[in-house]
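**Student:** Below is the structure, and that's it, no one-letter string:
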């Protein structure tokens with residue numbers, strides 16, 4: 001038999017032995033970090049994989065104004081590190097609204113689960129003190 005396509009979808013080579021080693025090296029893909037660049041005096045730009053994330057600009061009085069990915073101001077800060085953190089943690093309005101909606105749904109469920117767990121623990125403690 002010559003080299004032909006095996007019915008199971010593997011290449012059939014007479015006399016060849018099977019190997020469990022991967023044929024190609026595996027590559028681990030790491031998420032890209034946000035990179036800050038000082039573009040001008042007092043002006044810093046954040047990017048991730050070449051995409052604009054936001055920026056921080058220094059005011060004449062020494063404060064720092066953070067801007068989101070749409071260049072809308074986020075807030076005014078006294079420390080550069082705080083302004084940079086605000087840019088990185090900023091979420092668009094739509095995402096913040098979704099998080100609030102989810103919170104309004106999940107909070108009562110979590111509180112109820114905590115109440116049930118507390119009552120169950122108290123009942124279990126009573127059963128150990130006063131066995132049936």
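**Tutor:** Alright, I've got the coordinates. Note that the structure is a prediction, hence the values are computed from the model and not measured.
**Student:** Now find how far off-centre the top helix by length along the chain is within its chain.
**Tutor:** In the chain, taking DSSP state H as the definition, the longest helix is helix 93-129. Relative to the centre of its chain, helix 93-129 is centred 24 Å away, using Cα atoms, centre = their mean, to the nearest Å.
**Student:** for it, what is the average pLDDT?
**Tutor:** Averaging pLDDT along helix 93-129 gives 81.
**Student:** same deal with stretch 45-55?
**Tutor:** 91.
**Student:** Locate residue 45 within the secondary structure: which element?
**Tutor:** Taking DSSP states H and E as the definition, residue 45 sits inside strand 43-48.
**Student:** domain assignment for this protein?
**Tutor:** According to automatic domain parsing, the chain comprises the domains 35-89, 91-132.
**Student:** Skipping its backbone neighbours, what lies nearest residue 86 in space?
**Tutor:** residue 66 (4.4 Å; Cβ to Cβ, 6 or more residues apart in numbering). To be clear about C-beta, it is placed using only N, CA and C from the backbone, and glycine gets the same treatment.
**Student:** just the domains of the chain: most buried one?
**Tutor:** Comparing the domains of the chain by mean neighbour count (mean count of other Cβ atoms under 10 Å), domain 35-89 ranks first with a mean of 14.
**Student:** Please report phi then psi for residue 62.
**Tutor:** phi 90, psi 0 (degrees, to the nearest 10).
**Student:** List the residues that contact it.
**Tutor:** residue 78 (Cβ atoms under 8 Å, 6 or more residues apart in numbering).
**Student:** how far away is residue 78 from residue 58?
**Tutor:** The spacing between residue 78 and residue 58, counted by Cβ to Cβ, to the nearest Å, is 11 Å.
**Student:** Quick check: phi and psi on residue 42?
**Tutor:** phi 80, psi 10.
**Student:** Then the one 10 residues further on?
**Tutor:** Its backbone dihedrals place residue 52 at phi -70, psi 130, with angles given as degrees, to the nearest 10.
**Student:** Then residue 59?
**Tutor:** Dihedral angles (degrees, to the nearest 10) for residue 59: phi -90, psi 160.
**Student:** in the sheet, who's paired with the nearest residue to it once chain neighbours are set aside?
**Tutor:** Nearest non-adjacent residue to residue 59, counting by Cβ to Cβ, 6+ apart: residue 65, 6.1 Å away. Here residue 65 sits in beta bridges with residue 57, residue 76, as judged by DSSP bridges.
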